[in-house]
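[1] Got a predicted structure plus its sequence, pasted below:
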Amino acid sequence: MAKKSKHGMSPVNDAMLTRESWKIFQIMAEFVEGFERLSQISPSVSIFGSARTAGEHPDYRLACDISRALSDAGFSVVSGGGPGIMEAANRGAWEGKSPSVGLNIQLPHEQLGNPYQDISLSFRHFFSRKVMFVKYASAYVVLPGGFGTLDELAEILTLVQTGKTRRIPIILVNRGFWEGLVGWFRDTLVERAMIAPDDMELFCICDSADEVLEAIFKHYESRDFTPSQEEQEILLEL
């Protein structure tokens, strides 16, 4: 039996607690670097989608078109920095006028960053990375993807629904891919009062780069891209 310390913990547990405590500084460093390097990219749009989408796939080409249009319109484009739709998002922005930003994640099975990044950050922790996706985004654009993409979509829908972040355009791209999920939202979640009918207005569906830009600019017709003072206070509590 392992001998306990005077605090009632075994040396093994003591060592693990020490390691976990020091992790706090690593997490702090990720936030500090993210805040410092991303604070000047506004306005920006965060784009999500599958890492498995091949370069010849229509969704890849569409992501390139969307991000190039956004970049030329003055938006920095932020992606997860990896392959597939993330690469397409960075590639389109790289070819455009505004910065291409990659928020890369370190995974057990290494995911290589794509080469189309003007600003590249690396994160160990998903939660700190997710804050960076939201904090500086003027819009979310979500192309077809898997669990990671659905996770980011659920995150921003929840944050906006609960008032933990400001209301921004949340745009699902490719109606044929998303209409099944949206139908389930409407026919199951709304019908069972698990979300309100108004929550269906938190997002819209588009099928082209022009529609995406139109949805974003329509949202900001009567307001500035820069968060108001009240919204800045909300963003401090993310």
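    Received the coordinates, thanks. Residues are numbered from 1 along each chain as shown.

[2] where does the protein dip in pLDDT?
    1-12, 110-111 (pLDDT under 70).

[3] could you list every residue that touches the most centrally placed residue in it?
    Against the mean C-alpha coordinate of the chain, by C-alpha atoms, centre = their mean, the closest residue is Phe133 at 3.9 Å. Residues in contact with Phe133 (C-beta atoms under 8 Å, 6 or more residues apart in numbering) are 46, 78, 103, 152. Glycine gets a C-beta too; all of them are placed from N, C-alpha and C.

[4] now stretch 81-95, how far from the chain's geometric center?
    14 Å (C-alpha atoms, centre = their mean, to the nearest Å).

[5] didn't Thr226 look like it was pressed against Ser42?
    Yes: using C-beta atoms under 8 Å, Thr226 is in contact with Ser42, at 6.6 Å.

[6] Compare the two (neighbour count), which wins?
    Between Thr226 and Ser42, counted using other C-beta atoms under 10 Å, Ser42 has the larger neighbour count: 15 against 11.

[7] Where does the more buried one sit: helix, strand or coil?
    Under DSSP: H, G, I helix; E, B strand; the rest coil, the three-state class of Ser42 is coil.

[8] Could you check stretch 33-47 and say which residues are buried?
    Buried residues in stretch 33-47, counted by 16 or more other C-beta atoms under 10 Å: 34, 38, 41, 43-47.

[9] what's in contact with it?
    63, 66-67, 70, 74-79, 85-86, 89, 99, 101, 103, 119, 121, 123, 128-129, 131-143, 152, 216, 225-226.

[10] Quote the end-to-end distance of that stretch.
    Distance between the two ends of stretch 33-47: 21 Å, counting by C-alpha to C-alpha, to the nearest Å.

[11] what about the strands in the chain?
    For the chain, the strands defined by DSSP state E occupy 44-48, 76-79, 100-105, 119-123, 137-142, 170-173, 204-206.

[12] Nearest to Met16 among those strands would be which one?
    Taking C-beta to C-beta, strand 119-123 is the member of the strands of the chain nearest to Met16, at 22.6 Å.

[13] max-length helix in the protein?
    For the chain, the helix reaching the highest residue count under DSSP state H is reported as helix 11-38.

[14] could you check the angle strand 137-142 makes with that one?
    Calculated by axes from the mean of the first three to the mean of the last three C-alpha atoms, to 10 degrees, helix 11-38 forms an angle of 110 degrees with strand 137-142.

[15] Use 298 as the first number for this chain going forward.
    New numbering, starting at 298: the last item is helix 308-335.

[16] and Phe328, what is it in contact with?
    425, 428.

[17] residue boundaries of the helices in this protein?
    Taking DSSP H, the helices of the chain run over residues 308-335, 355-369, 382-391, 423-432, 444-458, 472-481, 506-516, 526-532.

[18] Pull the distance from the fifth one to the chain's centre.
    This means helix 444-458. 8 Å.

[19] Could you name the helices and strands sitting against it?
    For helix 444-458, the packing partners by 3 or more C-beta pairs under 8 Å, 6 or more residues apart in numbering; DSSP states H and E come out as strand 341-345, helix 423-432, strand 434-439, strand 467-470.

[20] what's the answer for the third one, then?
    Using 3+ C-beta pairs under 8 Å, 6+ apart as the contact criterion, the elements in contact with helix 382-391 are strand 341-345, helix 355-369, strand 373-376, strand 397-402.
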